[in-house]
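1. okay, sequence plus prediction incoming.
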Amino acid sequence: MSGSLSYFGAGRHVSNLEVVSRAAGVGGLGLLAVIVALNNVIARAPAGATYIAKRLLPPGSDAVMGSDALGRDIMSETVHALAVSFSSAAVSTAIAIFIGALAGFAAVRLPLRMGAAVRVISGILRMIPTLFLAVVLVALSSREFFAISVGLAICPEVFNAGFDRASSLARSRHAMYARASGIPGLTLLRRDLVYELRMNIVNVTGRALASSATILATISFFGFGAIPPHRDLGLLIAEAQTSYLSNWWCALFPALALVVLVLCARLAATDDSGQPS
Amino acid sequence: MSDAAALLRVRGFALKRSGDAKAEVEDLSFAIQARETLILLGDAGAGASAVMRFLAQVPDPGATLGGTIQIRDQPEQPLGKSRLDLRTAYLPGPHANILNPHESVVSQLALVIARKTHQPKASAAAELDLALQRLPGGPSLDALDQPPTRVAPEALAAGLLAAAMSQTPDLLLADDPLGQLSPAHARAFASALKAEQQRLGFAILYAALRADVARLLGGNLIVLRSGRLIEEGPVSRLATAQSHSYTQALFRASLPGDGLASVRAATRGEPLLRVQGVHLKLPGKVKDREKITFELRRGASLGLIGEIGSGRRSLTRALLGMEPLAAGRIVFDQVDIGVLSPAMMARLRRRVSFITGDDDALDPRMTIFDTVSEPLRAHLAMPRDSIAHNRDAALKRVGLAALPGSRTVASLAPFDRRRLQIARAIVSQPLLAVIDEPLHGLDAFAQSVVRDLLRNFRSNEGAAILFITSDFGLARAFCEDGLVFKDSRIVERGTMASLLRAPQDPHTRKLLEAVAALPVQSGTDIKPVAEDPVSSTQPPGG
């Protein structure tokens, strides 16, 4: 199955399992959003607060998820890092959907040569691994704009999905009848964007959010992403890499938070068996 | 229309817009006396609105004016050289969309009165209140103290009339306010207007699309067509004895029906579609393919009869510029489509609607409301409430008004989808409707309902119809003339009556035999339209 169908796949049958999965995913993302919004209330300590007397405490009554080498409370740090990761991923997702989907749907309506050129450029970009493209874009811009760079790196993926879906819609009989009765291309573009995004917004957002969160965490892990003191989950995991075995809790809880975020986003986008009916 | 003691006399009025090949109005002369009503009657683009715009002193930088104007006893002046020394008031219809949709009607009307009569806004509002009280059955000032979208059209029309009366004009420029009201309200409005005219002594210059407005208002009438005066005289005479066929058609169509219907009726018989020596680009069989030539007149219906693959749909696509031609020429609405750019062709296709037996003809994602509203939103800059009004009226006509408008097309039964297509065609007000096997896949009851709706569509909308079918029974019911297709060529042509009575080609006979219960000798269900005596299948001359 192509990746594009999993972004925009209208009118297919959805099983009960998928409904439950999607509800769990959306519910989980909602819960994470609440945690992110209330991170300063939920976290026991401010972001980056060090307590030298409480260094490297394992999970217990003093620190629920333990503390790191500088005495930072891992639970508080994980909540703050989750807020940074979630916000950055939301920005990347918004950029990827807005630019990628709009360009993908619009490219079908462009004059033949221009549309083909856009499609070729997007195809080339699509062949470059998204992670590598994100790193290149961060390198070409600034680490301050890493969320935007990641969003742009995901754009070709969403663009291709949008383009494929828009192409099949443009060949549909209802589009042919609409053109035959003089409905302008812009109206058809608006129609496609509105209905496709309305029908697939959860799926598209979920998939883009999962991709964004993973790539953002990865580039932060490699040191190209979040800039301290605003640490995200990838940076937390990276900072704990010297003591994975001895102080396992320093990396485990941020990693679990990342897994939960990506899992919820993927469950919300349950459409992997998507075959148009 | 005597020139003696005229309030306003215009001679040789001409208006040409830069870039236009043809003048919008040419050599129009008229005179209006005090207390007189002069009606300029004609379809959209006939020139009446250009005259109104000039007299309302609406700036029109791209226009070149010609002719002279004389107001009362003042010396005659060239048009457009100086401001008119005449108190005019402009009276649009309630759907003219000239008011700010977010502000109170009273506030906006009071401001207009205040500016025109040089008085404070508060006293202008008091004047408006008095004028409203004088109107029989007029709304209260409070009823109008809300945005125009929340005011009923009748109340808004009364408010606009009261505002115009408050300006105590010498000349009222009425831009068809009656044409946008229901017949009962139009009668009441006309009575109120005439009573105010008697009281205040102003003259009325009325731009009308429909001749029944002239019957209501009386006075003198000038019939305009394409910017030229066609006929003039008192309404009392022209309503009963018209000398020009255009005037005759306008008056004949002025009984129930809308303005568009009258225009459509007036132009019936003129060619809408000319197909001359067309060769379709189809694979194979080039040698024995003959050139296709026929003509479809406005308001007429032509059956393209044949089996699947006989070339009817390819021809239809070619007619709409969606398929290339190997040879020949197609003229649609007086435009040779071969010279049009894709964008221009798309604009021309706005006047075409489809009703097909194809259940995928409508976008399954769209809601009922969106499906019907889309042509109005895409093609016309109509206010939202007008779109909703037209949409609801069309849905009511096809019997879908009871369904929730938010239901998607995908959730509808084929019967409902078929009716939705008809509703969409109704709001599109097409010049040409392509009806393609409309009963395909429907049960007997649904077929009967759709047949009735199509009959209703044909008789009310006045669109020319290309009816694609393999069923002679259907063609007999809906078409005046028919072309029988086989292997991308026309094997027989003629009126439906002649095709049924005496088919010449074996293929036609075979198709006729397929309709087992068809009484071959009988005439058509729908009587040929009287005003369209010319056969639509006659090859055009030359």
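-> It's in. Numbering: from 1, shown residues only, chains lettered A, B, ... in the order given.

2. ok, now which ones touch B:V450?
-> Contact analysis of B:V450 by CB atoms under 8 Å, 6 or more residues apart in numbering or on different chains lists B:F415, B:R418, B:R419, B:I422, B:P438, B:L439, B:L442. In this view, the C-beta of every residue, glycine as well, is placed from N, C-alpha and C.

3. could I get the helix or strand it falls within in CSV with only the CA atoms?
-> Using DSSP states H and E, the element containing B:V450 is helix B:444-461. C-alpha atoms of helix B:444-461 as CSV (Å, rounded to 0.1, in the frame of the first residue of the first chain):
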residue,chain,number,x,y,z
ALA,B,444,-41.0,2.3,-12.2
PHE,B,445,-42.2,4.8,-9.6
ALA,B,446,-38.9,6.7,-9.6
GLN,B,447,-39.0,6.8,-13.4
SER,B,448,-42.4,8.3,-13.4
VAL,B,449,-41.5,11.0,-10.9
VAL,B,450,-38.3,11.9,-12.7
ARG,B,451,-40.2,12.0,-16.0
ASP,B,452,-42.6,14.5,-14.4
LEU,B,453,-39.7,16.6,-13.0
LEU,B,454,-38.0,16.7,-16.4
ARG,B,455,-41.2,17.8,-18.1
ASN,B,456,-41.6,20.5,-15.5
PHE,B,457,-37.9,21.5,-16.0
ARG,B,458,-38.4,21.7,-19.7
SER,B,459,-41.5,23.7,-19.6
ASN,B,460,-40.3,26.1,-16.9
GLU,B,461,-36.6,26.7,-17.5
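
4. so what secondary structure elements neighbour whichever helix or strand comes after it?
-> For helix B:444-461, the following helix or strand on the C-terminal side (DSSP H and E) is strand B:464-469. Strand B:464-469 sits against strand B:271-280, strand B:292-297, strand B:301-305, helix B:312-319, strand B:432-436, helix B:472-478, with contacts defined as 3 or more CB pairs under 8 Å, 6 or more residues apart in numbering or on different chains; DSSP states H and E.

5. which residues of the stretch 251-400 of chain B lie near chain A?
-> Within the stretch 251-400 of chain B, the positions adjacent to chain A are B:317, B:320, B:322, B:346-354, B:356, B:358, B:360-366, B:374-375, B:377-379 by CB under 8 Å from any CB of the partner chain.

6. residues in contact with whichever residue of the stretch 101-250 of chain A sits closest to chain B?
-> Per CB to the nearest CB, A:G182 is where the stretch 101-250 of chain A lies closest to chain B, at 3.4 Å. By CB under 8 Å, 6+ apart, the contact list for A:G182 reads B:A346, B:R347, B:L348, B:R349, B:R350, B:R351, B:V352, B:A378, B:H379.

7. could you identify which of those has the most neighbours?
-> B:V352 (24 neighbours; other CB atoms under 10 Å in any protein chain shown).

8. tell me which of the contacts of B:V450 fall in helices.
-> B:F415, B:R418, B:R419, B:I422 (DSSP state H).

9. avg pLDDT for the longest strand anywhere in chain B?
-> Longest strand of chain B, by residue count under DSSP state E: strand B:6-17. Averaged across strand B:6-17, the pLDDT comes to 87.

10. please save the CA atoms from whichever helix or strand comes after it in CSV.
-> Using DSSP H and E, the helix or strand that follows strand B:6-17 in sequence is strand B:25-33. Extracted in CSV, the C-alpha atoms of strand B:25-33 (Å, rounded to 0.1, in the frame of the first residue of the first chain):
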residue,chain,number,x,y,z
VAL,B,25,-27.0,51.9,-26.0
GLU,B,26,-27.4,53.5,-29.4
ASP,B,27,-29.5,56.5,-30.4
LEU,B,28,-32.1,56.4,-27.7
SER,B,29,-34.5,59.3,-27.4
PHE,B,30,-37.2,59.7,-24.8
ALA,B,31,-39.0,62.3,-22.8
ILE,B,32,-40.7,62.2,-19.4
GLN,B,33,-43.2,64.6,-18.0
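
11. check what contacts strand B:25-33 and list those residues.
-> Counting by CB under 8 Å, 6+ apart, residues outside strand B:25-33 touching it are B:1-15, B:38, B:47, B:50-51, B:67, B:171, B:203, B:205, B:222, B:224, B:227-229, B:232.

12. tell me where the model's unsure across the stretch 151-300 of chain B.
-> Residue ranges of the stretch 151-300 of chain B with pLDDT under 70: B:180, B:182-183, B:252-269, B:281-290.

13. now the stretch 1-150 of chain A
-> A:1-14.

14. one more: the stretch 151-277 of chain A?
-> A:271-277.

15. now find how far off-centre stretch B:452-464 is within its chain.
-> 14 Å (CA atoms, centre = their mean, to the nearest Å).

16. among the residues of the stretch 251-400 of chain B next to chain A, which are located in strands?
-> B:V352, B:S353, B:F354, B:T356.

17. tell me the pLDDT of the third one.
-> Looking at B:F354, its pLDDT stands at 91.

18. who does it bridge with?
-> With DSSP bridges as the criterion, B:F354 is bridged to B:V434.

19. show me what contacts it?
-> A:Y177, A:A180, A:S181, B:A361, B:Q421, B:A425, B:A433, B:V434, B:I435, B:D436.

20. tell me which element the first one is part of?
-> In this case it means A:Y177. Here A:Y177 is assigned to helix A:173-180, by DSSP H and E.

21. show me what that helix is packed against.
-> Packing partners of helix A:173-180 (3+ CB pairs under 8 Å, 6+ apart): helix A:185-221, strand B:352-356.

22. if you count neighbours, what's buried in the first one?
-> Put plainly, it is helix A:185-221. A:185, A:187-189, A:191-193, A:195-197, A:199-200, A:202-221 (16 or more other CB atoms under 10 Å in any protein chain shown).

23. before we move on, the earlier item: go ahead and produce PDB holding the CA coordinates of the longest strand of chain B.
-> What follows is strand B:6-17, C-alpha atoms only, in PDB (Å, rounded to 0.1, in the frame of the first residue of the first chain):
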ATOM      1  CA  ALA B   6     -41.200  67.700 -20.400                       C
ATOM      2  CA  LEU B   7     -39.400  67.200 -17.100                       C
ATOM      3  CA  LEU B   8     -36.600  65.500 -18.900                       C
ATOM      4  CA  ARG B   9     -35.800  65.100 -22.500                       C
ATOM      5  CA  VAL B  10     -33.000  63.000 -23.800                       C
ATOM      6  CA  ARG B  11     -32.000  62.900 -27.500                       C
ATOM      7  CA  GLY B  12     -29.700  60.400 -29.200                       C
ATOM      8  CA  PHE B  13     -28.500  58.800 -26.000                       C
ATOM      9  CA  ALA B  14     -25.500  56.600 -26.800                       C
ATOM     10  CA  LEU B  15     -23.100  54.900 -24.500                       C
ATOM     11  CA  LYS B  16     -20.000  52.900 -25.500                       C
ATOM     12  CA  ARG B  17     -17.500  51.300 -23.200                       C
END
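
24. just the angle between it and strand B:25-33, please?
-> 170 degrees (axes from the mean of the first three to the mean of the last three CA atoms, to 10 degrees).

25. partners of strand B:6-17, with directions?
-> Here, using DSSP bridges, strand B:6-17 pairs with strand B:25-33 (antiparallel), strand B:63-71 (antiparallel).

26. close to chain B: what parts of chain A are there?
-> A:10-11, A:172-175, A:177-185, A:187, A:191, A:195-196, A:199.

27. residue closest to the middle of chain A?
-> By CA atoms, centre = their mean, chain A has its centre lying nearest to A:L209, at 2.0 Å.

28. that residue against A:A90, yeah?
-> Yes. Counting by CB atoms under 8 Å, A:L209 touches A:A90, with 7.2 Å between them.

29. about what we covered before: how far out from the middle of the chain is the longest strand of chain B?
-> Taking mean C-alpha positions (CA atoms, centre = their mean), strand B:6-17 and its chain are 27 Å apart.

30. which parts of that strand are buried?
-> B:A6, B:L7, B:L8, B:R9, B:V10, B:R11, B:F13, B:A14, B:L15, B:K16.

31. how about stretch B:356-376?
-> So for stretch B:356-376, counting by 16+ other CB under 10 Å, buried means B:356-359, B:361-376.
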